[in-house]
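Participant: whatever this is, show me its structure:
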Amino acid sequence: MQNAMRTRAIGNRQVGVIGLGAMPMSVAGHMPDQDQSIRTLLAALDAGVTLIDTADAYTPSHDDVGHNERLVAHALSLWAGDADTVLVATKGGHTRTPGGGWDANGRPSYLKEACDRSLKALGVESIGLYQHHRPDPKVPYEETIGALKDLHDAGKIQLAGISNANPEQIRLAHGILGDRLASVQNEYSPRFRSSEPEIDVCAELGLAFLPWSPLGGIGRTGELHQRNAAFTAIAEDRGVSPQQVCLAWELARSEVVIPIPGASRPETILDSVAAATLELTKEELARLG
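Facilitator: Sure, this is the predicted structure:
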């Protein structure tokens with residue numbers, strides 16, 4: 001049974017204020033077995049999560065592109081709820097290389113090929129939110145963004161997004177895409193606050209800002225205890241986890257912020273979802289900086 005959650009906008013879609021980053025379910029060295037991943041995805045959906053973020057490059061190896069997308073699609077096929085209420089966001093343009101490395105490919109022809117593969121992996125005719133994963137210094141940014149425009153105009157994607165973009169790139173993309181551009185996904189957390197300018201640009205332009213690694217990244221959530229004593233102290237006062245305080249702090253930063261914490265266990269995502277109802281006071285926010 002899906003629970004209600006307050007919502008925020010991504011383009012013309014309303015989604016719950018806490019999303020799910022599915023990356024940890026497909027990263028070598030961290031990934032759980034498939035049954036646990038499916039239980040985690042279903043727990044998120046039942047708890048009211050209506051935004052799931054994935055990417056073609058979220059895979060345990062370079063020869064299994066689309067692993068995470070297929071996992072998300074399988075979970076949605078098993079869910080008793082209405083899958084049409086869930087916005088699945090995926091990404092293309094960040095590639096995997098032999099040996100576990102990463103590269104970027106921003107060529108328009110490649111992005112279009114990647115989108116076609118994601119359509120097949122997700123089992124859909126049109127992707128809800130398709131995001132350019134990472135700028136490629138070898139390709140002019142406007143050419144890559146032009147491919148997103150073409151994909152939208154062809155009906156292969158419903159909303160366009162960009163990731164790992166600076167303010168100038170956000171404005172450039174917005175100038176090319178107009179209302180097609182719905183979101184920006186950059187890293188943002190208590191340990192990584194460098195995306196403050198990008199949040200402000202998103203608020204100005206009416207774009208959703210989706211912080212990736214909002215709890216610090218895989219294996220780093222414990223650093224909230226070690227490096228940010230105020231998060232732990234407020235959590236103890238409120239009787240909640242420091243992770244909930246962290247997500248509530250991000251939600252309070254701007255009405256355009258929609259965190260997408262990663263999870264690989266049902267308990268983890270359910271704890272994160274609880275942050276949707278946690279409202280911090282002005283005094284608490286001042287303590288958190």
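Participant: switch to C-alpha atoms for all contacts and neighbour counts from now on
Facilitator: Fine.
Participant: low-confidence regions, the stretch 101-250 of the chain specifically.
Facilitator: Low-confidence regions of the stretch 101-250 of the chain, defined by pLDDT under 70, span residues 218-227.
Participant: okay, helices next: where are they in it?
Facilitator: 108-122, 141-153, 167-177, 196-205, 223-227, 229-238, 242-253 (DSSP state H, counting those that start in this stretch).
Participant: can you pull the contacts of residue 111?
Facilitator: Listed by Cα atoms under 8 Å, 6 or more residues apart in numbering, the contact set of residue 111 reads 92-93, 105, 144, 147.
Participant: if we can go back for a sec, most packed of the helices of the stretch 101-250 of the chain?
Facilitator: A comparison of the helices of the stretch 101-250 of the chain by mean neighbour count, using mean count of other Cα atoms under 10 Å, puts helix 242-253 on top with a mean of 23.
Participant: packing partners of that one?
Facilitator: Contact partners of helix 242-253 among helices and strands, from 3 or more Cα pairs under 8 Å, 6 or more residues apart in numbering; DSSP states H and E: helix 223-227, helix 229-238, helix 266-273.
Participant: what does that helix rub up against?
Facilitator: Contacts of helix 242-253 (Cα under 8 Å, 6+ apart): 17, 189-190, 214-215, 221, 224-225, 231-232, 234-235, 257-259, 271-272, 274-276, 278-280, 285, 288.
Participant: can you put the helices of the stretch 101-250 of the chain in JSON lines and add distance to residue 31?
Facilitator: What follows is those, written out as JSON lines (distance: least, Cα to Cα, whole Å):
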{"stretch": "helix 108-122", "distance to residue 31": "19"}
{"stretch": "helix 141-153", "distance to residue 31": "30"}
{"stretch": "helix 167-177", "distance to residue 31": "32"}
{"stretch": "helix 196-205", "distance to residue 31": "30"}
{"stretch": "helix 223-227", "distance to residue 31": "21"}
{"stretch": "helix 229-238", "distance to residue 31": "27"}
{"stretch": "helix 242-253", "distance to residue 31": "20"}
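Participant: residue 8: which of the helices and strands packed on helix 242-253 is closest?
Facilitator: helix 266-273 (14.3 Å; Cα to Cα).
Participant: from the contact counts, what lies against that closest one?
Facilitator: For helix 266-273, the packing partners by 3+ Cα pairs under 8 Å, 6+ apart are helix 34-46, helix 242-253.
Participant: report the buried residues of stretch 201-218.
Facilitator: 201-203, 205-217 (16 or more other Cα atoms under 10 Å).
Participant: check stretch 13-26 too.
Facilitator: Burial within stretch 13-26, assessed by neighbour count using 16+ other Cα under 10 Å, is assigned to 14-26.
Participant: and that stretch, end to end?
Facilitator: The distance separating the two terminal residues of stretch 13-26, taken as Cα to Cα, to the nearest Å, comes to 27 Å.
Participant: same question for stretch 20-29.
Facilitator: 20 Å.
Participant: over to stretch 61-68?
Facilitator: Here the two ends of stretch 61-68 are set 11 Å apart, with distance taken as Cα to Cα.
Participant: other residues contacting that stretch?
Facilitator: Here stretch 61-68 makes contact (Cα under 8 Å, 6+ apart) with 22-23, 25-26, 28, 54-60, 95-100, 117-118, 121.
Participant: flag every buried residue along that stretch.
Facilitator: Along stretch 61-68, the positions that meet the burial threshold by neighbour count (16+ other Cα under 10 Å) are 61-62, 65-68.
Participant: export the helices and strands packed on helix 266-273 to CSV and tack on distance to residue 267?
Facilitator: Converted to CSV, the helices and strands packed on helix 266-273 look like this (distance: least, Cα to Cα, whole Å):
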stretch, distance to residue 267
helix 34-46, 8
helix 242-253, 12
